[in-house]
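Engineer: quick one: sequence and predicted model below, then my questions.
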Amino acid sequence: MEGNNFSPETGFDSFHGAIPHATLSFDSPERYRGEAHFLAHSGARLLALWADSPSSIRASLILREGVVLLSLSLPKDSLSFPSLSSIFPTAGRFERTIADLFGLLPEGLTDLRPWSDHGLWLVPPLAEGRPSLHQPFAPEDYPFVRVRGEGVHEIPVGPVHAGIIEPGHFRFSVVGEKVLRLETRMGYVHKGIDSLFRGRTLFEGARLASRISGDSAVATSLAFSKAVEEALNIEVSEGIRFVRALLLERERIANHIGDLGALGNDAGLGVALSLFGPLRERMHRHNLTHFGHRLLFDTIVPGGVSTFLSPQMVDALLQETDDLLSEVSLLERIYSDHGGLQDRFQNTGILSPEIAIRLGIGGVAGRASGQGWDLRIDHREDPVHRFSPALALDHVGDVAARVRIRFFEIFESLHLVHALLTNFPGPDICSTLPDIPLSREGLGIVEGFRGEVLGWVRIRPGKTIESAHIAEGSPLLWHALEASVPGNLVADFPLINKSFNPSYSGSDL
Amino acid sequence: MWKLLWKILKSGNLTESRMHKPERTSPCEYSRSASIRHLDSGSCNGCELELWALENPVHSLSSQGFSFVASPRHADILLVTGPLSCHMKEALEKTYQAMPSPKRLLAVGDCAINGGVFRGSYAIHNGVTEDMSPNLTVPGCPPRPEEIADAIRRSFSPAKTHSDSPVLDLEIRSPLP
Ligand code: SF4
């Protein structure tokens, strides 16, 4: 068995300089589980797990060397698939989603409560008429895990929250002011995105991919477009790669700025919103003027970008970068000198490095807890590797660490943007998309502002989408949140939640 | 601390809103202030980003008398974003019922109007307009903050219960200094 396992040294393909990845196909459930087990021991983290049809399960894992996609084909009449939950603790909710959507039983999974299904579906929506093990249940019956003991009570929050926030349910078990346990219940914004991809053209697919999670529009549509480009075997030109890298960093900077303002506000410094808000607003206006959309939706398309960069724009954006650098530097000093703010940030919502490893957390949350994963730094993707951005890393894992990581990343991204602009080789035209004689698959992966964003697509002849899936990392962050809230005060929850900032839409799909 | 004070002083007043005079059609009905309860019925969170932008000092919707509130019990306007996922329908109905009359329903974004890019999915109702009739709709994906603010200001104008083109003031102002 060992001898046949995947070898990270030799097994990866790097398509046109992209981040190395490999697809391993299995017919045998044992071999699928065995490979997952082997890779977990080699340090792999689980990024996402989904089914692209009732007979095809996919698990994407990330290693230091690249991304591995495990693909398990099930027999046509199969009613179950093997669970990876004993190997990756975060696999369970992905598998419960598959169970709900396709009516398949995850074998070996102990928690079989519904997840995406809220009791409204008579049959699993994607079962395609096959028999299924789906059992209807009443929506109010969701069995939260109960904590018993003297003085323990529950606080239910949501799905509608107090403010401009996406919907989801949080169930706190508390004693006095202290949280003993937090359990999240998502699925309220499930929109059936995987099924919506099917049959769309590639450009409609990119439009949809921009709207998986609006704050990550560039990252999700870029991951999708890279997947399409791999499937169609096309390479995009240097100028396009520069513009894409620039847009991705702009999205990261704007989101980090927004999050930092909200974090200050949640910690009691109301003026923080007023200090950070105008910076973000200015970026959004520049986005509209230069790239045609405030939030950069639809700027990335398969084969290229829908925008262009003139010398005048380069000058304007360089000026903006300089301004932001000095403004954010001042705000960073205000934050780090503010005793009251640091008092709320420090030792609040600690995600220890051990738990971050166990859950496989990457991105901002992982880097704040000692997990130094960043696709922009770990891989030699053009053009970013030419300017070698530095890795943000902290080991404390509290809200303060996640704040520090965000500040650090803003500065690194601003330097990167500056370098991209000054070295911009000039506009390039988009690649044309060729047709293909047979269905083909492609995978794209990008470091979004939360963490890794993965796009997978299978295209059929005629350039329409047969199946696609986008994973933007938020499902893992709910696990991180649940692990770091117990022991804190209920009143600190909004602050801790904001410091992770998972996307509800991105997790419910 | 002095850095913070200095920064606040240096920033000055960034608010762009010219004072929007209300349309005083009847004397006691409405005089330019309302509480808004936002409900995300399954949006991609792009519309929420623009609602957040309304709260920044540049748009400063609250300085014009409008505030986002936590409870529907004292809200005048229900501002809905998102394509109305099946799983949020009950929450939407309960929120609307919990509001006192007179109340207004605002559908913000293409999704809320007709499902937008998610139209046709098994998991959504193609917007709130299938079962409810919003007083105003604000098209866009997402609509710009100026467009949303304009609709909010006009949502209590008695003459306009429905509007096809609630959008005014489309010119792009020069970026901030
Ligand atoms: S209208 Fe557009 S921005 Fe608003 S929720 Fe729908 S897809 Fe997102």
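Structural biologist: Everything's here; your move.

Engineer: close to chain B, is stretch A:157-177?
Structural biologist: Yes: judged by CB under 8 Å from any CB of the partner chain, stretch A:157-177 and chain B are in contact via A:159, A:160, A:162, A:163, A:164, A:165, A:166, A:167. Heads up, the C-betas are built off the backbone N, CA and C, glycines and all.

Engineer: that stretch: which residues count as buried?
Structural biologist: For stretch A:157-177, the buried set under the neighbour-count rule, 16 or more other CB atoms under 10 Å in any protein chain shown, comprises A:158-161, A:164-174.

Engineer: please report phi then psi for the closest residue in space to residue A:56 that isn't next to it in sequence.
Structural biologist: Take residue A:56 and drop its neighbours on the chain: the residue closest to it by CB to CB, 6 or more residues apart in numbering or on different chains is residue A:73, 5.8 Å away. With angles defined as degrees, to the nearest 10, residue A:73 sits at phi -90, psi 130.

Engineer: contacting residues for residue A:73?
Structural biologist: A:25, A:26, A:27, A:55, A:56 (CB atoms under 8 Å, 6 or more residues apart in numbering or on different chains).

Engineer: the residues you listed in helices, which ones?
Structural biologist: The helices in this structure, assigned by DSSP state H, contain none of these.

Engineer: which bits of the stretch 401-509 of chain A sit near chain B?
Structural biologist: A:503, A:504, A:505.

Engineer: okay, now the second one: neighbour count?
Structural biologist: As a burial measure, residue A:504 scores 28 neighbours (other CB atoms under 10 Å in any protein chain shown).

Engineer: what does the last one give?
Structural biologist: By the other CB under 10 Å criterion, the neighbourhood of residue A:505 contains 30 residues.

Engineer: ok but it is inside a strand, no?
Structural biologist: No: under the criterion used here (DSSP: H, G, I helix; E, B strand; the rest coil), residue A:505 is helix, not part of a strand.

Engineer: what about it, distance to the ligand?
Structural biologist: 8 Å (CB to the nearest ligand atom, to the nearest Å).

Engineer: between the residues of stretch A:157-177 next to chain B, which is nearest chain B?
Structural biologist: residue A:162 (3.4 Å; CB to the nearest CB).

Engineer: helix/strand/coil for that closest one?
Structural biologist: coil.

Engineer: contacts only, for it.
Structural biologist: Per CB under 8 Å, 6+ apart, neighbours of residue A:162: B:70, B:71.

Engineer: same thing with residue B:120?
Structural biologist: When contacts are counted by CB under 8 Å, 6+ apart, residue B:120 is found next to A:196, B:126.

Engineer: next, the closest residue to residue A:74 other than its chain neighbours: phi, psi?
Structural biologist: Nearest non-adjacent residue to residue A:74, counting by CB to CB, 6+ apart: residue A:55, 4.4 Å away. When read as degrees, to the nearest 10, the backbone of residue A:55 gives phi -120, psi 20.

Engineer: neighbours of residue A:55, how many?
Structural biologist: Using other CB under 10 Å: residue A:55 sits among 18 other residues.

Engineer: before we move on, what about residue A:78?
Structural biologist: Neighbours of residue A:78 using other CB under 10 Å come to 15.

Engineer: quick check: closest non-adjacent residue to it.
Structural biologist: residue A:55 (6.7 Å).

Engineer: hang on, the earlier thing: which one of the residues of stretch A:157-177 next to chain B is nearest the ligand?
Structural biologist: Taking CB to the nearest ligand atom as the measure, residue A:166 is the one of the residues of stretch A:157-177 next to chain B closest to the ligand, at 10.0 Å.

Engineer: what helix or strand does the closest one sit in?
Structural biologist: Here residue A:166, judged by DSSP states H and E, is contained in no helix and no strand.

Engineer: you'd agree it is up against residue A:507?
Structural biologist: No: applying CB atoms under 8 Å, one finds residue A:166 not in contact with residue A:507, separated by 9.7 Å.

Engineer: what lies in contact with stretch A:135-151?
Structural biologist: A:113-114, A:117-122, A:154, A:171, A:173, A:175-176, A:180-181, A:183, A:185.

Engineer: show me which of these are buried.
Structural biologist: A:113, A:114, A:117, A:118, A:121, A:171, A:173, A:180, A:181, A:183, A:185.

Engineer: could you report the pLDDT at the spatially closest residue to the last one that is not a sequence neighbour?
Structural biologist: Meaning residue A:185. In space, and not counting its chain neighbours, residue A:185 is closest to residue A:169: 4.1 Å by CB to CB, 6+ apart. Looking at residue A:169, its pLDDT reads 93.

Engineer: state the distance from residue A:169 to residue B:68.
Structural biologist: 21 Å (CB to CB, to the nearest Å).

Engineer: so where's the chain shaky on pLDDT?
Structural biologist: As the question left the chain open, I've gone with chain A. A:1-3, A:14-16 (pLDDT under 70).

Engineer: other chain: chain B
Structural biologist: In chain B, residues with pLDDT under 70: B:17-32, B:157-177.

Engineer: name the residues of it found near the ligand, please.
Structural biologist: For chain B, the residues in contact with the ligand (CB under 6 Å from any ligand atom) are B:43-44, B:46-47, B:81-82, B:109-111, B:116-117, B:141-142.

Engineer: make a markdown table from the residues you listed and add neighbour count and distance to chain A to it.
Structural biologist: Converted to a markdown table, the residues of chain B next to the ligand look like this (neighbours: other CB atoms under 10 Å in any protein chain shown; distance: CB to the nearest CB, whole Å):
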| residue | neighbour count | distance to chain A |
| --- | --- | --- |
| B:43 | 33 | 7 |
| B:44 | 38 | 4 |
| B:46 | 26 | 3 |
| B:47 | 30 | 7 |
| B:81 | 31 | 9 |
| B:82 | 33 | 7 |
| B:109 | 27 | 10 |
| B:110 | 23 | 10 |
| B:111 | 32 | 9 |
| B:116 | 25 | 8 |
| B:117 | 22 | 5 |
| B:141 | 20 | 7 |
| B:142 | 31 | 7 |
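
Engineer: nearest to chain B: which residue in the stretch 401-509 of chain A?
Structural biologist: residue A:505 (5.0 Å).

Engineer: tell me how chain A divides into domains.
Structural biologist: A:1-143, A:193-426+A:440-502 (automatic domain parsing).

Engineer: what's the most buried one of the ones you listed?
Structural biologist: domain A:193-426+A:440-502 (a mean of 21; mean count of other CB atoms under 10 Å in any protein chain shown).

Engineer: max-length strand in chain B?
Structural biologist: Counting residues, the longest strand found in chain B (DSSP state E) is strand B:34-40.

Engineer: direction included, what does it pair against?
Structural biologist: strand B:66-68 (parallel), strand B:77-81 (parallel) (DSSP bridges).

Engineer: list the buried residues for the next helix-or-strand element following the longest one?
Structural biologist: Going down the chain from strand B:77-81, the next helix or strand is helix B:89-98, by DSSP H and E. By 16+ other CB under 10 Å, the buried positions in helix B:89-98 come out as B:89, B:91, B:92, B:95, B:96.

Engineer: which other helices and strands contact helix B:89-98?
Structural biologist: Where contact means 3 or more CB pairs under 8 Å, 6 or more residues apart in numbering or on different chains; DSSP states H and E, helix B:89-98 is packed against strand B:34-40, strand B:77-81.

Engineer: now the last one against helix B:89-98, angle please.
Structural biologist: The reference is to strand B:77-81. Strand B:77-81 and helix B:89-98 are oriented at 160 degrees to each other (axes from the mean of the first three to the mean of the last three CA atoms, to 10 degrees).
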